[in-house]
Every structure is written in structure tokens, then in C-alpha cells.
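**Student:** Just to be clear, the model below is a prediction. Sequence and coordinates:
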Amino acid sequence: MISDVHFEQTPERLKIVMPLRRKWLFLIPYSILAFSWMMMVVWGLVYLVQILFSRQSYRFVFALMIIVLLLILLSFGKFLMRQWAHYLSNREIVFINREELIVRRPVSIWGNTDAYDMAHVTHFYQADKPVALAFDYGYRHIYVGEALTAAGRHALLQYLNQTYFPGYDEDED
């Protein structure tokens, strides 16, 4: 057993719940940005309604420009909220089975969920920066378990590699 890690195993999958340290250096600016984004969207909608109900001759063209800017702002908000939820979460959940590996960082009912096809996932290894477990998915390095102790990371690394990557020999690296 690894301290602070909760395992649930069913015949279909393994669920691993790990703590996650909040990165306040990133969370505070993203929170300020999220609040500013929300205020800009509200202000844009109010201004759009004011323009549409004005008696000006250019109101439809100006309203169309505001709608385009609001659409750009909303697409930026999707990215912003994903990053904010990433830094706000206090735990991460890894679901793993023979077909896919899912990393979820929940924030209440929101949060980020990333799914990876096990055919393209490499074995787990110890990353140096950040100090965490990692696996490669194509050219991307995916990090999990940053808040675990060194002994906990090593035990989890051995268990996952023995269970889901049985042909991997860590002496070959």
C-alpha cells in the first residue's frame, strides 16, 4: 500500500486516486484571468443588447462585430477554464485498463479528462523535471503523481509497469 493513494480494482479497470499539490503561483493569475474573462463576457453581452436596441443606423453591423469578438472571447474562455480547472484540482484520478489510460483532474463536477489509447502509451518512468511519474503518448510527455513521495512513486511505477507493460525491462533503459 502507498500512503495517500487509493486503489479500486475491478475486472475491467484499475482506478488510482492520488493527491495533487496546488500550484498557487499559477492558480492566482489564472483565477484573476478567469474573473476578468467573465466580466468581459458579461460586459460584451450587455453592450450588445444596448447596441441592438439603439436607434442608430449602424447597429446591426456593429452588433455583428461584437458577436464575432464574443465568439473569439468564448473560444479563449474554453482554454482558460481548462487551465484554471487544472491548477484548481487537488487530486488526480488515473483509470487504466488494457485498451485505454484516462487521467482525470476533477474540480467538483468540472475538470479535465484526457484519454489515451494504450496501443500508443509507453511504459511509466521517473521524470526529473517535474519530479513525477511520466509516460509518453506520441511526442507528448504526460506527468502524474507529482505529490507522491519518492518511495510511493517508485512502488507505483513498479506495479504499473509489471501489470500493464509486462514485456518492459527497466534494465534496458
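**Tutor:** Looks like it came in fine.

**Student:** Show the low-confidence segments of the chain, by residue range.
**Tutor:** Confidence mapping of the chain against pLDDT under 70 gives the ranges 1, 168-173.

**Student:** Show me it divided up by domain.
**Tutor:** Per automatic domain parsing, the domain ranges recorded for the chain read 6-21+92-165, 26-87.

**Student:** Could you tell me how far the first one lies from the centre of the chain?
**Tutor:** Average the C-alpha atoms of domain 6-21+92-165, do the same for its chain, and the two points are 13 Å apart (CA atoms, centre = their mean, to the nearest Å).

**Student:** Return the most buried member of the domains of the chain.
**Tutor:** domain 6-21+92-165 (a mean of 15; mean count of other CB atoms under 10 Å). Placement of C-beta: from N, CA and C, glycine included.

**Student:** What residues does F95 make contact with?
**Tutor:** When contacts are counted by CB atoms under 8 Å, 6 or more residues apart in numbering, F95 is found next to 13-16, 101-102, 104.

**Student:** mind listing the strands for the protein?
**Tutor:** Using DSSP state E, the strands of the chain run over 6-9, 14-19, 91-96, 100-107, 110-117, 125-127, 132-137, 140-144.

**Student:** and the ones you listed as a markdown table, adding distance to L25?
**Tutor:** Listed next are those as a markdown table, based on distance: least, CB to CB, whole Å:
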| stretch | distance to L25 |
| --- | --- |
| strand 6-9 | 28 |
| strand 14-19 | 18 |
| strand 91-96 | 19 |
| strand 100-107 | 17 |
| strand 110-117 | 19 |
| strand 125-127 | 19 |
| strand 132-137 | 17 |
| strand 140-144 | 17 |
